[in-house]
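Student: Dropping the sequence and predicted coords here.
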Amino acid sequence: MKNLPKSYPFAIIIAVIAILPVGVLFSLASDNTAFFDTRNITVLLNTLALMGLTVLGAVLIGVPLALLSAYVNLPLKRLWLILFAAPLAMPSYLGAFTLYFSFGRGGEIESLTGLTTPSLEGVWGAGLVMTLYTYPFVMMTTRSALLSLDASQINAARTLGLSLAASIWRIVLPRVVNSIAAGALLAALYALSDFGTPAIMGLDTFTRVIFVEYNAFGLSQAAMLSLQLMLIVVLILFIESQIRGAKERPGKHIQIHMHPAKSLSFVGLFSPVILMSLVLPLGIFTLWLLQEGAEGFDIAYAWNSAYASMLAAVVAVILAIPVAHAAIAGRVGRFFERITYFGFGVPGIVMGTALVYLGLQIPVLYQTLGLLVIAYVLRFLPLAVSTVRSTTENQDGGLVNAARVLGASPKEAFLRVTLPLTARGMIAGAALVFLEVMRELPATLMLGPTGFETLATYLWRVYEAGYFGRAAVPGLCLVFISGLGLILMLTGERKAEFSVNESQHS
Amino acid sequence: MQRRTFVQGLGLAGLAGGLGLLPGMSFANPANAVSVDSLPKLKGDLTLYLGRGEGGLYENVLEAIKKKNPGLNLQIRRGATAELANMLVAEAKAGVKRADLFWAVDTGSIGMITNQGLAKPLPDDVVNQLKPGFQYPMWSPVTGRIRTLPYNTERVRADQIPDSVMALADTDLKLGWAPAYASFQSFVTAMRILEGEKATANWLKGVNSKAKKYAGELGVVMGVERGEVDLGFANHYYTLRLKAGKPDAKVDIAYTKNDAGCLVNASGIISLTEGDLPINFIRYLLTKEVQSYLATEANEIPLVAGVAPPVGLTPLSSISPPDLDLRKLADIRPTLDLMRNVGVL
């Protein structure tokens, strides 16, 4: 017991807090007798199909983009990275909505250009939209792992005559498979918990059934269905935990030199992703803005969004550090880490309700910014944990040992070696949480202080009422501020790169 | 009669909205509706839970009330109506009280809160301001909305549309609906009450075989407009708002006669705190100015006796909503069971 990893006590406390909302679900569901309705089989199949398509799409887009942004000497590299990460800034329900009404007969594309496009709906439509808004998860987790890889193996492979593509496939990707899986897990959980996209695409998934029950005051039914959804979450978490990459020593950064025209043509290959996920929705908003005009927007909403997101991002990263370290330290720690993922798989409306019940136990906290930040952290902690964990995992344990041999205390070794080396993962995690909180809606509505309006709640308000024109300004604001968050994050990332290089030279 | 005259003018209401009429302007002869000026000033702290924001329109009303009453500290909490209703119940159970008023867009949530005994009674003079059929002791309707059949004007002629909603189960038209939407479920509840369980189940089965599902009724109306379906089921204001933004939209409204298909439902407000302040706030919502404003700008149906719909409307005698106690619409559980049993939900 003496050698229990130091991170365990913290990880246990965080895991217990993370599991509390699930406990509330159990107590809410206890009024309900029927466990599984056979009619839910279709719903289950739809949910699994949507999740599968999303993961597949997110990996197919996210991994190549991660390679491109991490290794290739692109002109305007930062700009492309920001653009490709930017779909994280767009609430997926708004994307789904604008895409749905752009494609198909009588859609906005047809009325503008006269070209009839195939309509976007059902499981394929929902899968496509989900892919567009979740591939950045895979891109970010994979990218941060790619950046810590040592180039010597790939150089050796190339010297021995392996082609570039083959050496990426055989030497690079197997080494970051755990990070790809971490991103895919986030995409899967997002697909499981999102309500708006399947609803707009007319696909019956668990979240839609939960929503219907919830709106009809079937709180216990909704809780029961959420618990069933949790079973899928458990399954996914188990599968992901079976995927392990090899331990890595960080080393020389990999660079792939390409002719600018060639590298830009790769970017061009992925430009439809940006066109559909970002340009099209924003274009449609602008069109509606011009048609209907905007009014009633207050810049304070943007400040509220940024402020709350920043708080949540900082708290999430601080809490993610012990959880990530516990996950690496041993199987028990790994288990605690898995528990913190539940929040991300629960539909926001259910999580919000559970937290209302919890918050009411502490009336001082109820309807304060504090409780809201706790809610954000509980929902989005996995985003920080997964990035921190994947960079920490790929770290050379020898460095800490060296520091210890040279007389550093464990604390000093952690502060001066481990922490700076995981800075990249922490910054990426903070950015992911920041972006996700920026577009979070249900918990903000249910748990925020009365009268606390953010960009997301304002967007929802005008969208609900059908005043799409007014969604343009807050929509643009959301993307702009999230872009700033991304730039900040990438600046921090570059600093982290320097510190690694310095440690190599010295 | 008032309801009919308003409905007649629905097509013009969008236009009037575009002109930006200010509250109190150009409305003819409000017989017994109270004017804002005759009401006492509101003073003190008041927290309102507002179900669904309805864009800037309810907001504009609330802003105007705040502006007129500088002594009023009005805090507004917004959310989906069912969400806020669940929250109010949870708060009551935990003994935490934050809201003084609950303004809900559907009668289901109203029924839930009044059934839980959280509502405070309204004085007679407030109740009596409302039109017959809309007078309730524990809550006050604010505005009405009517169930309609939006149809695509290029694919369907008005005379092809049956005037009985029940007949639509056998139609050749391609239909669009949003069964998960609260207003639609209220409509099915009304059908259950008026036509019985069996007829409703058959109707749902019939329509389900030829209908395309949408997430919400705005989606239905947009689907109708772009020709994905011929005819849909939706609250009236979605069509009017779509046409306000897109005047050449290929969509118009048809009504059924004297059945659930043209049910008039209401948004309503509940006082959760004893005292004059919440009651006086409700009085503000029932003034001729606010009622007229919501009629012109939000295309909602004024429910206070004597508030005229906007000038320029002529009566249309063919619209005849069914006579139904709105409180019965709160009984939504059997409706959901029925809808699930026939495979609609």
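Tutor: Perfect, thanks for sending it.
Student: Which helix or strand contains residue 296?
Tutor: Picking chain A for this. Taking DSSP states H and E as the definition, residue A:296 sits outside all helices and strands.
Student: if you could check chain B rather than the one you did, that'd help
Tutor: Short version, using DSSP H and E: residue B:296 is in helix B:288-297.
Student: Parallel or antiparallel, list what pairs with the helix or strand just after that helix.
Tutor: Going down the chain from helix B:288-297, the next helix or strand is strand B:301-302, by DSSP H and E. Strand B:301-302 pairs in its sheet with strand B:140-152 (antiparallel), by DSSP bridges.
Student: now the angle from the partner strand to helix B:288-297?
Tutor: 10 degrees (axes from the mean of the first three to the mean of the last three Cα atoms, to 10 degrees).
Student: Please save the CA atoms from strand B:140-152 in CSV.
Tutor: Provided in CSV are the C-alpha atoms of strand B:140-152 (Å, rounded to 0.1, in the frame of the first residue of the first chain):
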residue,chain,number,x,y,z
SER,B,140,-53.6,32.6,-17.0
PRO,B,141,-53.4,31.9,-20.8
VAL,B,142,-51.4,34.6,-22.5
THR,B,143,-51.7,34.0,-26.2
GLY,B,144,-53.1,31.3,-28.4
ARG,B,145,-51.9,29.3,-31.3
ILE,B,146,-54.0,27.3,-33.7
ARG,B,147,-53.3,23.9,-35.3
THR,B,148,-53.1,24.3,-39.1
LEU,B,149,-52.4,22.4,-42.3
PRO,B,150,-49.6,24.1,-44.1
TYR,B,151,-49.6,23.0,-47.8
ASN,B,152,-47.4,23.5,-50.8
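Student: which SS class is residue B:134?
Tutor: coil (DSSP: H, G, I helix; E, B strand; the rest coil).
Student: which residues sit in contact with it?
Tutor: By Cβ atoms under 8 Å, 6 or more residues apart in numbering or on different chains, the residues touching residue B:134 are B:141, B:144, B:266, B:303, B:326. For glycine as for every other residue, the C-beta is placed from the backbone atoms N, C-alpha and C.
Student: What residues does the stretch 101-250 of chain A have near chain B?
Tutor: The stretch 101-250 of chain A has residues A:101, A:104-107, A:119, A:199-200, A:202, A:208-209, A:211-219 near chain B, with proximity defined as Cβ under 8 Å from any Cβ of the partner chain.
Student: Just the buried ones from those residues, in PyMOL syntax?
Tutor: To isolate the buried subset of these in PyMOL, counting by 16 or more other Cβ atoms under 10 Å in any protein chain shown, use the following:
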select buried, chain A and resi 101+104+106+107+119+199+200+202+208+209+211+212+213+214+215+216+217+218+219
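Student: Just the ones of the residues of the stretch 101-250 of chain A next to chain B in strands?
Tutor: Members of those lying in strands (criterion: DSSP state E): none.
Student: now the helices for the stretch 201-350 of chain A?
Tutor: A:206-215, A:219-241, A:260-274, A:280-292, A:300-329, A:331-339, A:342-345, A:348-361 (DSSP state H, counting those that start in this stretch).
Student: Tell me which residues of the second one come out buried.
Tutor: Of the residues in helix A:219-241, those buried under the neighbour-count criterion (16+ other Cβ under 10 Å) are A:219-230, A:232-233, A:236-237, A:240-241.
Student: Check the spacing between the residue in the stretch 301-450 of chain A that chain B sits nearest to and residue A:316 real quick.
Tutor: In the stretch 301-450 of chain A, no residue comes nearer to chain B than residue A:360, which is 3.7 Å away by Cβ to the nearest Cβ. Separation of residue A:360 from residue A:316 (Cβ to Cβ, to the nearest Å) stands at 24 Å.
Student: now do residue B:188
Tutor: Distance, residue B:188 to residue A:316, using Cβ to Cβ: 43 Å.
Student: who's more crowded, the two?
Tutor: Taking neighbours as other Cβ atoms under 10 Å in any protein chain shown, residue B:188 and residue A:316 compare with residue A:316 leading, 29 against 23.
Student: for that one, what are its contacts?
Tutor: Going by Cβ under 8 Å, 6+ apart, residue A:316 touches A:376, A:377, A:380, A:381, A:383, A:384, A:429, A:430, A:433.
Student: Quick one: residues in contact with stretch A:66-84.
Tutor: Applying Cβ under 8 Å, 6+ apart, the external contacts of stretch A:66-84 come out as A:65, A:136, A:138-140, A:142-143, A:146-147, A:168, A:172, A:254-258, A:260, A:263-264, A:266-267, A:270, A:273-274, A:278, A:483, A:486-487, A:490.
Student: can you tell me the helix or strand for the closest residue to residue A:319 other than its chain neighbours?
Tutor: Residue nearest to residue A:319 in three dimensions, not counting chain neighbours: residue A:14, with 5.4 Å by Cβ to Cβ, 6 or more residues apart in numbering or on different chains. Element membership of residue A:14 [criterion: DSSP H and E] is helix A:7-29.
Student: and the angle for the helix or strand following that helix with helix A:260-274?
Tutor: Towards the C-terminus, the helix or strand next in line after helix A:7-29, according to DSSP H and E, is helix A:40-71. Inter-element angle recorded for helix A:40-71 and helix A:260-274: 160 degrees (by the same axes, to 10 degrees).
Student: Going toward the C-terminus from helix A:40-71, what's the next helix or strand?
Tutor: helix A:77-85.
Student: if you average pLDDT over that following helix, what comes out?
Tutor: Averaging pLDDT along helix A:77-85 yields 83.
Student: and if you look at stretch B:167-175?
Tutor: Mean per-residue pLDDT for stretch B:167-175: 93.
Student: for stretch B:116-126, same thing?
Tutor: Per-residue scores along stretch B:116-126 average to 94.
Student: Show me how far it is from its chain's centre.
Tutor: Offset of stretch B:116-126 from its chain centre (Cα atoms, centre = their mean, to the nearest Å): 20 Å.
Student: buried set for that stretch?
Tutor: By 16+ other Cβ under 10 Å, the buried positions in stretch B:116-126 come out as B:118, B:119, B:122, B:126.
Student: wait, does that stretch make contact with chain A?
Tutor: No. Stretch B:116-126 does not reach chain A (Cβ under 8 Å from any Cβ); its nearest approach is 10.4 Å.
Student: end to end, how far does that stretch reach?
Tutor: End-to-end distance of stretch B:116-126 (Cα to Cα, to the nearest Å): 22 Å.
Student: Any chance you could list what contacts it?
Tutor: Contact partners of stretch B:116-126, identified using Cβ under 8 Å, 6+ apart, comprise B:88-89, B:92, B:113, B:137-140, B:270-274, B:278-279, B:282-283, B:286.
Student: now do stretch A:406-418
Tutor: Here stretch A:406-418 makes contact (Cβ under 8 Å, 6+ apart) with A:6, A:392, A:395, A:399, A:400, A:403, A:404.
Student: Since that was my last question, I'll sign off now.
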